[in-house]
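**Q** coords below, sequence missing:
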């Protein structure tokens, strides 16, 4: 089955063996979805600063959601933004029947579920994901990093930092819906060993130096295609279309 995972945004440091996003997810703010707080619009909680409908708990911003269709609950989940400087989002999903924790893990880039090509969900899961039974007991752990090649998301972060497409000191810039402010596509297939990253970045020119007063003026857009096994920058993807046809158009 062909799969494409479309996501957005990141950053990094330098090092021989980069690991800017840890594999395991430690600690959990919300073991259960508090429906009473939801029903009272999280009265008494500090409002989030950047994302509409978000709140602050223990210094951490989170975005709770109950998605329903004709008043029938379909999804109950919370997005957690660990820190401003982090380039992933923690996703907690809850059982509809009792609001106990059902699943949690890290998402690299965009938060929203969407479909692409074969209508596979394209949220890009990274690290260890944890599944729980109806009582909230851990029953399964899945290593989502197995799908990546030698040039994974941490290596990608290092590359983007080196190319000055991101700035670790300033931290991640997010859109109003919480998504990081540039786009990443990871393409792979279970039937092929080939991997492909496609990156589109947007930089405010003042981030690159601006004028002598540091004023913002205009934006610069860049795109990169990178082999997910070797880290080779592909200058003309159309010219290599035949090679990547198992995982790309």
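**A** Structure received. Predicted model only: the values in this text are computed from it and were never measured.
**Q** what's opposite the residue nearest to residue 140 when sequence neighbours are not counted in the beta bridge?
**A** Among residues not flanking residue 140 along the chain, residue 131 sits closest, at 4.0 Å (Cβ to Cβ, 6 or more residues apart in numbering). Where C-beta positions appear, they are placed from N, C-alpha and C, glycine not excepted. Note on residue 131: beta-bridge partners residue 103, residue 140, judged by DSSP bridges.
**Q** now for residue 131, how many residues are close by?
**A** By other Cβ atoms under 10 Å, 15 other residues sit near residue 131.
**Q** ok, it touching residue 105?
**A** No - Residue 131 is beyond contact range of residue 105, at 9.2 Å (criterion: Cβ atoms under 8 Å).
**Q** buried sites along the helix ranked longest in the chain?
**A** Counting residues, the longest helix found in the chain (DSSP state H) is helix 153-162. Going by neighbour count (16 or more other Cβ atoms under 10 Å), the buried part of helix 153-162 is 153-161.
**Q** okay, now the sheet partners of the helix or strand just after that helix, with direction.
**A** Later in the chain than helix 153-162, the nearest helix or strand by DSSP states H and E is strand 183-189. Pairing partners of strand 183-189, with direction, according to DSSP bridges: strand 2-7 (antiparallel), strand 195-204 (antiparallel).
**Q** quick check: mean pLDDT of strand 183-189?
**A** In this model, strand 183-189 has a mean pLDDT of 85.
**Q** and the angle from that strand to helix 153-162?
**A** Put simply, strand 183-189 runs at 140 degrees to helix 153-162, going by axes from the mean of the first three to the mean of the last three Cα atoms, to 10 degrees.
**Q** going forward, the N-terminal residue is numbered 38.
**A** Renumbered: residue one is now 38, and that last one reads strand 220-226.
**Q** by mean pLDDT, flag the weakest helix or strand of this structure.
**A** Lowest on mean pLDDT, DSSP states H and E among the helices and strands of the chain sits strand 152-153, with a mean of 37.
**Q** so what sits opposite residue 97 in the bridge?
**A** Bridge pairing for residue 97 - DSSP bridges - gives residue 94.
**Q** any idea how many residues pack against it?
**A** 14.
**Q** pretty sure it is touching residue 115, no?
**A** No - using Cβ under 8 Å, residue 97 is not in contact with residue 115, being 10.8 Å away.
**Q** tell me which strands and helices the longest helix of the chain is in contact with?
**A** strand 232-241, strand 256-264 (3 or more Cβ pairs under 8 Å, 6 or more residues apart in numbering; DSSP states H and E).
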